[in-house]
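Asks: The amino acid sequence is not available; the structure is as follows:
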Ligand code: MG
Ligand code: ZN
């Protein structure tokens, strides 16, 4: 978008140098300055896995009729289907966000020929931005994996973990310790290899805050929050907000003038949908919304950060039924799988206006790049 600033009319006065000293205005000029809109310095992409309209609506009505999503000035919709199925999975969907292509069910960072495609996180690194990933699933699970790994199948967790070691990502927090330290396919200890590469690596056996405070001057940080899947929030998982906000602080401190790219996933909204469990969905949504409030507070203060919130797909065909009241919902599910419904997109900050409208999920990638003014 070109912003046109009309400066005040400049009247040029020509001085005539004759003896009578009369002054005659001869021309009126409108001066037009063309200015590029500000590109964001940082991007924070928040993905609520399985967070469709039913999840957002129920989570809001069960949270005193409010959520952080109401603070976003720009709302759009995306079409979540993948290359070989109208109903996508998280792997193909995250590959669309990360790389701007439609690919097949289960694909991680590869195209329909299983060939690797560059991801926005890798491109950000090549432009000297710093990068981070936070998830409430394992860090090798489909959604985060699609930002740094390239594999024909999301199930190859140990291969995906190797890709994380090679990725150069500056900050990561998520579960899946066993895929790094007790591997079935080889004898490698990837936590050790990450330390060799300069990372401070911690895990769930120590306190995250203490670990972070001890290591925040380091160049790279990784923390594995569980041996495999982290617990649901209802069962005591509590690291999402703390590790995300400290991640922002860490990446912002590292990034100097080049900025950072951070993807944060509320992974288990999806698992509540698969379990057809409304309390699971709502508790995960409210935790995610509370984090988004804090992220927006930070971005408002920063002024140079594009914040985008979306989901990969809806899960469960979750709806609010007749007989529901505010704070007391009757809900229903149409399946234990994903649905094909369009998915809302929320954007705030420089470049956010690009995200209004209805578009393919692949456009999220292209809009982020356009906002950053990448060629
Ligand atoms: Mg996921
Ligand atoms: Zn799912």
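Replies: Done, it's in. Values in this document were obtained by computation on a predicted structure and should not be read as measured data. Ligands and ions are numbered 1, 2, ... in the order given.

Asks: Write out the residues of the protein neighbouring ligand 1.
Replies: The chain comes close to ligand 1 at residues 49, 90, 143, 267, as judged by C-beta under 5 Å from the ion. All C-beta atoms are positioned from the backbone trio N, CA, C, and that covers glycine.

Asks: farthest-separated two in these?
Replies: Using C-beta to C-beta, the pair of those lying farthest apart is 90 and 267, separated by 8.7 Å.

Asks: gap between stretch 143-160 and the chain center?
Replies: Counting by C-alpha atoms, centre = their mean, to the nearest Å, stretch 143-160 is centred 17 Å from the centre of its parent chain.

Asks: Tell me which residues of that stretch come out buried.
Replies: For stretch 143-160, the neighbour count (16 or more other C-beta atoms under 10 Å) marks 143-154, 156-160 as buried.

Asks: can I get the residues of the chain next to ligand 1 in a markdown table with pLDDT and secondary structure?
Replies: Formatted as a markdown table, those follow (pLDDT from 0 to 100; DSSP: H, G, I helix; E, B strand; the rest coil):
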| residue | pLDDT | secondary structure |
| --- | --- | --- |
| 49 | 98 | coil |
| 90 | 98 | helix |
| 143 | 98 | helix |
| 267 | 98 | coil |
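
Asks: Which residue ranges of the stretch 151-300 of the chain form helices?
Replies: Assigned by DSSP state H, counting those that start in this stretch, the stretch 151-300 of the chain shows helices spanning 157-167, 178-181, 190-196, 208-215, 240-255, 269-274, 278-302.

Asks: What mean pLDDT does the fourth one get?
Replies: By that I understand helix 208-215. The average pLDDT within helix 208-215 is 98.

Asks: Could you name the helices and strands sitting against it?
Replies: Judged by 3 or more C-beta pairs under 8 Å, 6 or more residues apart in numbering; DSSP states H and E, helix 208-215 is in contact with strand 199-203, strand 220-224, helix 240-255.

Asks: for the last one, same thing?
Replies: Judged by 3+ C-beta pairs under 8 Å, 6+ apart, helix 278-302 is in contact with strand 42-48, helix 53-61, helix 240-255, strand 260-266, helix 269-274, strand 305-310.

Asks: swap in the second one?
Replies: Judged by 3+ C-beta pairs under 8 Å, 6+ apart, helix 178-181 is in contact with helix 157-167, helix 190-196.

Asks: How about residues contacting that helix?
Replies: For helix 178-181, the surrounding residues in contact (C-beta atoms under 8 Å, 6 or more residues apart in numbering) are 138, 140, 157-158, 160-161, 189-191, 194, 224, 227-228.

Asks: Would you mind checking those for buried ones?
Replies: Buried among those by 16+ other C-beta under 10 Å: 138, 140, 157-158, 160-161, 190-191, 194, 224, 227.

Asks: Report the separation between whatever residue of the stretch 251-375 of the chain ends up closest to ligand 1 and residue 179.
Replies: Closest contact between the stretch 251-375 of the chain and ligand 1, by C-beta to the ion, is at residue 267 (4.5 Å). Applying C-beta to C-beta, to the nearest Å, the value for residue 267 to residue 179 is 15 Å.

Asks: if we can go back for a sec, tell me which of the helices of the stretch 151-300 of the chain sits nearest to residue 337.
Replies: Of all the helices of the stretch 151-300 of the chain, helix 269-274 comes closest under C-beta to C-beta, at 7.4 Å.

Asks: quick check: mean pLDDT across that closest one?
Replies: The average pLDDT for helix 269-274 rounds to 98.

Asks: Who are the packing partners of that helix?
Replies: Judged by 3+ C-beta pairs under 8 Å, 6+ apart, the packing partners of helix 269-274 are helix 278-302, strand 314-315.

Asks: tally of neighbours for residue 369?
Replies: When neighbours are counted by other C-beta atoms under 10 Å, residue 369 registers 17.

Asks: Contact partners for residue 313?
Replies: Contact analysis of residue 313 by C-beta under 8 Å, 6+ apart lists 50, 52, 80, 87-90, 93, 338-341, 343.

Asks: Would you mind giving those as JSON lines with secondary structure and neighbour count added?
Replies: Shown next, in JSON lines, are those (DSSP: H, G, I helix; E, B strand; the rest coil; neighbours: other C-beta atoms under 10 Å):
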{"residue": "50", "secondary structure": "coil", "neighbour count": "30"}
{"residue": "52", "secondary structure": "coil", "neighbour count": "26"}
{"residue": "80", "secondary structure": "coil", "neighbour count": "26"}
{"residue": "87", "secondary structure": "coil", "neighbour count": "16"}
{"residue": "88", "secondary structure": "coil", "neighbour count": "27"}
{"residue": "89", "secondary structure": "coil", "neighbour count": "20"}
{"residue": "90", "secondary structure": "helix", "neighbour count": "29"}
{"residue": "93", "secondary structure": "helix", "neighbour count": "31"}
{"residue": "338", "secondary structure": "strand", "neighbour count": "25"}
{"residue": "339", "secondary structure": "strand", "neighbour count": "21"}
{"residue": "340", "secondary structure": "coil", "neighbour count": "15"}
{"residue": "341", "secondary structure": "coil", "neighbour count": "18"}
{"residue": "343", "secondary structure": "strand", "neighbour count": "26"}
